[in-house]
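**Q** just the structure for this:
(one chain, ligands or ions: 1)
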Amino acid sequence: MTAELPAAPGDTVGRPAAPRGRRDWVGRLLRNPMAVACMVFLLATVLFGLAGPWLAPHPPGATQLDAVNARPFTPGHLLGGDGSGRDILSRLMWGTQRTLFACVIILCSAVIVGVPAGLVAGYRGGAADSLINWVSDLVMTLPGIVLLIALYTLTGPNLVLAMAVFGVLVAPSYVRLVRGVVLGVRSELYVDAAKAVGLSDARIIGRHILWAVRAPVIIQSSFVLGAGIAIQAAVDFLGLGDPSKASWGVMLQESFANIYTNGWSVVWPATLITWTSLALVLLGNALRDALQVGASRHTLPRRARQRLAALLAEKAGAELAEEAATERPERAAAGEALLSVRGVRVAYPSTDGSAAEVVQGVDLDVRKGEIRGLVGESGSGKTQTACSVLGLLSPQALVGGSVVFDGEDLIADPAAQARARGRRIAYIPQEPMTNLDPCFTVGAQLVYGLRAVRRLGRQEARHELLALLARVGIKEPEHVFGLYPHEISGGMAQRVLICGAIAADPDLIIADEPTTALDVRVQAEVLDLLRELRDERGLGMILVTHNFGVVADLCDAVSVMRDGRIVESGDVRTVLRDPRHPYTQELLSSTRVVDLAEVATDG
Ligand SMILES: Nc1ncnc2c1ncn2[C@@H]1O[C@H](COP(=O)(O)OP(=O)(O)OP(=O)(O)O)[C@@H](O)[C@H]1O
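**A** I've put the predicted structure just below:
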């Protein structure tokens with residue numbers, strides 16, 4: 001769940017955030033002034049061409065003696081006349097039609113050939129993939145212009161054929177693009193699910209895969225159209241087109257012949273070629289930003305980002321001041337806290353200058369030797385809160401509020417945060433397997449990690465880590481040290497990561513759903529291990545979870561999160577026995593645990 005930053009007078013930050021749904025890409029495109037300008041220009045160009053038969057003042061081939069090399073604004077010839085006495089405006093209108101038609105042919109043949117070939121290569125793989133790649137590489141090596149000259153000698157000037165051939169030469173760019181996307185999508189779980197329910201390959205491609213490739217194909221098409229303008233102009237300019245029909249390329253070629261007597265005649269087709277190609281390329285960029293939301297987030301101008309960050313910091317600051325004025329039991333204990341999180345806010349900016357807040361003023365404390373559960377449904381902001389402590393948020397994130405650890409505000413001082421991360425504040429991730437590099441042995445990764453944060457010799461680090469591996473319950477640590485991640489189980493991988501986290505002897509551990517990917521028996525063992533480590537080392541711990549059973553089993557205190565806010569916080573027994581907030585009650589009632597309150601009491 002997200003919320004918007006409030007409006008600032010005269011600023012854009014208060015506008016509603018750009019809708020995030022895929023279908024909103026048109027809205028995002030229309031909010032981009034550059035895209036709108038390009039679309040208006042291109043639409044005007046198309047209308048200019050289409051209107052030729054009705055609005056052109058003269059037929060394209062009609063010659064008049066008084067129009068020979070006439071200057072612009074000559075009566076009856078707004079843009080002047082060419083060397084043969086033809087009206088430039090009329091020829092431009094007719095030529096626009098022909099040039100755009102040529103581009104559409106290039107685009108259609110490239111898409112018709114390239115997209116299906118890319119789909120088949122990516123989806124079928126094997127021999128089909130090899131063959132299509134081989135053909136596509138071969139086509140890319142063919143010299144286009146030489147091929148067109150050969151074609152010209154065989155067929156004479158034939159625009160449709162020439163452009164269709166060029167389209168085929170451009171098709172490999174689609175093959176590669178589509179194949180790459182399909183390779184990524186093919187192994188997605190929803191594609192497997194579609195196969196499992198018996199959908200045919202054709203239906204899977206039509207329903208799921210084609211949808212995934214539509215955005216890159218649309219973006220690429222914009223660039224291909226831009227290139228098409230240049231290709232068509234070049235073909236006509238070289239004399240490989242039909243000189244009897246007006247097009248931008250033909251006009252450019254003719255005007256070049258008398259550039260010294262009538263320079264203006266070069267300006268008009270050259271301007272249209274340049275501007276149209278440029279508009280298509282810029283529109284392609286804008287489409288990419290609109291269709292690929294992730295990319296668009298990066299494109300927020302620096303000043304707009306700074307304004308949003310300042311607003312967020314101001315909002316968090318105002319809240320902190322307000323809080324300081326009110327007495328809260330949680331705050332009373334803050335003095336003795338190992339970690340004190342106050343008014344933390346995390347927001348993600350959109351290109352339209354608004355920002356969505358995914359964490360909205362979170363307060364929590366962790367004391368030495370205390371395990372605090374951070375619990376809530378998926379998307380409530382638990383991980384974002386944990387990552388704001390560690391400074392592991394994505395670079396686009398705007399962060400406000402304070403995270404005081406050992407007297408230093410980690411948000412205000414990123415250098416202090418970097419010093420603490422991995423040394424004094426360690427992290428245990430959710431997916432043990434994906435957090436180990438498959439290319440290196442377990443031992444190599446542990447040694448590397450430990451030596452990055454502590455000055456130890458290789459042998460010394462190895463010695464320490466072997467002892468720690470044994471401590472976290474790994475039998476035959478020497479053997480495991482030399483194994484690659486794929487050779488160990490999920491439970492062992494999680495123990496390895498716990499070993500890596502405690503190796504630096506941290507004061508605080510942030511464990512993000514450390515047992516989610518494990519089976520029930522291993523889950524219990526890992527939870528026991530975390531408890532023992534806390535007892536032995538007096539560690540503070542934030543345990544991110546959506547499981548109240550885990551909270552009841554392990555935690556001393558709990559904070560319940562919903563929609564980026566803490567809705568209830570307190571001692572585990574109290575919260576489990578007597579939940580005050582309806583959301584906590586709802587979460588508890590949906591947690592199938594025998595008797596959480598009892599477990600907590602026993603624990
Ligand atoms: N890079 C990002 N850009 C924009 N929004 C993001 C980004 N990362 C996370 N979010 C959003 O922040 C919200 C909170 O995400 P978070 O990962 O903290 O949830 P969570 O409570 O940890 O959920 P889960 O239990 O599923 O991990 C979600 O709505 C998510 O879509």
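**Q** okay, CA-based contacts and neighbour counts for the rest of this
**A** Fine.
**Q** for the chain, what lies in contact range of the ligand?
**A** Counting by C-alpha under 6 Å from any ligand atom, the chain comes close to the ligand at M1, Y348, V358, E377, S378, G379, S380, G381, K382, T383, Q384, S394.
**Q** how does this structure divide into domains?
**A** Following the assignment in automatic domain parsing, the chain carries domains at 95-291, 369-390+409-602.
**Q** can you redo those domains as JSON lines with mean pLDDT?
**A** Shown next, in JSON lines, are the domains of the chain (pLDDT from 0 to 100):
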{"stretch": "domain 95-291", "mean pLDDT": "87"}
{"stretch": "domain 369-390+409-602", "mean pLDDT": "86"}
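**Q** can I get those in TSV with distance to G81 and mean neighbour count?
**A** TSV is the format used below for the domains of the chain (distance: least, C-alpha to C-alpha, whole Å; neighbours: other C-alpha atoms under 10 Å):
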stretch	distance to G81	mean neighbour count
domain 95-291	7	19
domain 369-390+409-602	66	19
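**Q** dump these into CSV; add distance to E314 as well.
**A** Formatted as CSV, those follow (distance: least, C-alpha to C-alpha, whole Å):
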stretch, distance to E314
domain 95-291, 29
domain 369-390+409-602, 13
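**Q** so who does the spatially most distant residue from the centre of the chain touch?
**A** For the chain, the residue at maximal distance from the C-alpha centroid (C-alpha atoms, centre = their mean) is L65, at 60.4 Å. Applying C-alpha atoms under 8 Å, 6 or more residues apart in numbering, we find L65 in contact with G85.
**Q** sorry, back to before: out of the residues of the chain next to the ligand, which sit inside strands?
**A** Counting by DSSP state E, the part of these found in strands is Y348, V358.
**Q** report the two of the residues of the chain next to the ligand separated the most.
**A** Greatest spacing in the residues of the chain next to the ligand, by C-alpha to C-alpha: E377 and S394 (21.2 Å).
**Q** so what does the helix or strand encompassing E460 touch, helix or strand wise?
**A** Assigned by DSSP states H and E, E460 belongs to helix 458-471. Contacting helix 458-471 under the criterion 3 or more C-alpha pairs under 8 Å, 6 or more residues apart in numbering; DSSP states H and E are the following elements: helix 442-453, helix 477-481, helix 490-503.
**Q** in JSON lines: those helices, plus distance to G228.
**A** Output for the helices and strands packed on helix 458-471, formatted as JSON lines (distance: least, C-alpha to C-alpha, whole Å):
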{"stretch": "helix 442-453", "distance to G228": "51"}
{"stretch": "helix 477-481", "distance to G228": "58"}
{"stretch": "helix 490-503", "distance to G228": "53"}
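**Q** strands along the stretch 501-603 of the chain, start to end?
**A** In the stretch 501-603 of the chain, the segments counted as strands under DSSP state E, counting those that start in this stretch are 508-512, 540-545, 557-562, 565-571.
**Q** same check on the stretch 201-350 of the chain?
**A** 339-349.
**Q** number of nearby residues for the residue of it found nearest the ligand?
**A** Among the residues of the stretch 201-350 of the chain, Y348 lies closest to the ligand, at 5.3 Å counting by C-alpha to the nearest ligand atom. For Y348, the neighbour count with other C-alpha atoms under 10 Å is 23.
**Q** residues contacting it?
**A** By C-alpha under 8 Å, 6+ apart, the contact set of Y348 is R297, A355, A356, E357, V358, Q396, A397, L398.
**Q** can you tell me how far the residue nearest to P243 when sequence neighbours are not counted is from A233?
**A** Spatial nearest neighbour of P243, excluding adjacent residues (C-alpha to C-alpha, 6 or more residues apart in numbering): V250 at 6.2 Å. From V250 over to A233 the distance is 7 Å, taken as C-alpha to C-alpha, to the nearest Å.
**Q** now do V40
**A** Using C-alpha to C-alpha, we find V40 at a distance of 22 Å from A233.
**Q** returning to what we had before: tell me which two of the contacts of Y348 sit farthest apart.
**A** So, those by C-alpha to C-alpha: farthest apart are R297 and V358, at 14.8 Å.
**Q** which of those two has more neighbours?
**A** Counted by other C-alpha under 10 Å, R297 and V358 do not tie: V358 has more neighbours, with 24 against 18.
**Q** got a pLDDT number for the nearest residue to P414 once chain neighbours are set aside?
**A** Spatial nearest neighbour of P414, excluding adjacent residues (C-alpha to C-alpha, 6+ apart): G391 at 7.7 Å. Looking at G391, its pLDDT stands at 87.
**Q** from V346, how far off is G391?
**A** With C-alpha to C-alpha as the criterion, G391 and V346 are 11 Å apart.
**Q** more neighbours, the two?
**A** Neighbours per residue (other C-alpha under 10 Å) separate G391 from V346, with V346 holding more: 28 against 19.
**Q** which strand residues bridge the more buried one?
**A** Listed by DSSP bridges, the beta-bridge partners for V346 are V359, V399.
**Q** ok, now V560?
**A** Note on V560: beta-bridge partners by DSSP bridges are V375, E568.
**Q** for the helix ranked longest in the chain, packing partners?
**A** Longest helix in the chain, counting residues (DSSP state H): helix 88-124. Helix 88-124 is packed against helix 33-50, helix 52-55, helix 126-141, helix 159-186, helix 210-237, helix 248-257, helix 264-291, with contacts defined by 3+ C-alpha pairs under 8 Å, 6+ apart.
**Q** counting by contacts, list what the fourth one packs against.
**A** Read that as helix 159-186. Using 3+ C-alpha pairs under 8 Å, 6+ apart, helix 159-186 is in contact with helix 88-124, helix 126-141, helix 144-155, helix 210-237.
**Q** show the pLDDT at A62.
**A** A62 is assigned a pLDDT of 87 by the prediction.
**Q** that one - how many residues pack around it?
**A** By the criterion of other C-alpha under 10 Å, A62 has 12 neighbours.
**Q** now stretch 394-407: average pLDDT?
**A** So the average pLDDT for stretch 394-407 ends up being 87.
**Q** buried residues of it, list them for me.
**A** Neighbour-count burial for stretch 394-407 flags Q396, A397, L398, V399, G400, G401, S402, V403, V404, F405 (criterion: 16 or more other C-alpha atoms under 10 Å).
**Q** leaving out sequence neighbours, find the closest residue to the last one.
**A** Translated: F405. Sequence neighbours aside, L339 is the residue nearest to F405 in space, at 4.7 Å (criterion: C-alpha to C-alpha, 6+ apart).
**Q** how about the contacts made by that neighbour?
**A** Here L339 is in contact with D365, V366, R367, V403, V404, F405, D406 (criterion: C-alpha under 8 Å, 6+ apart).
**Q** repeat that for 7 Å
**A** Going by C-alpha atoms under 7 Å, 6 or more residues apart in numbering, L339 touches D365, V366, R367, V404, F405.
**Q** likewise A194?
**A** If you count contacts by C-alpha under 7 Å, 6+ apart, then A194 has I204 around it.
**Q** distance of it relative to the ligand?
**A** 24 Å (C-alpha to the nearest ligand atom, to the nearest Å).
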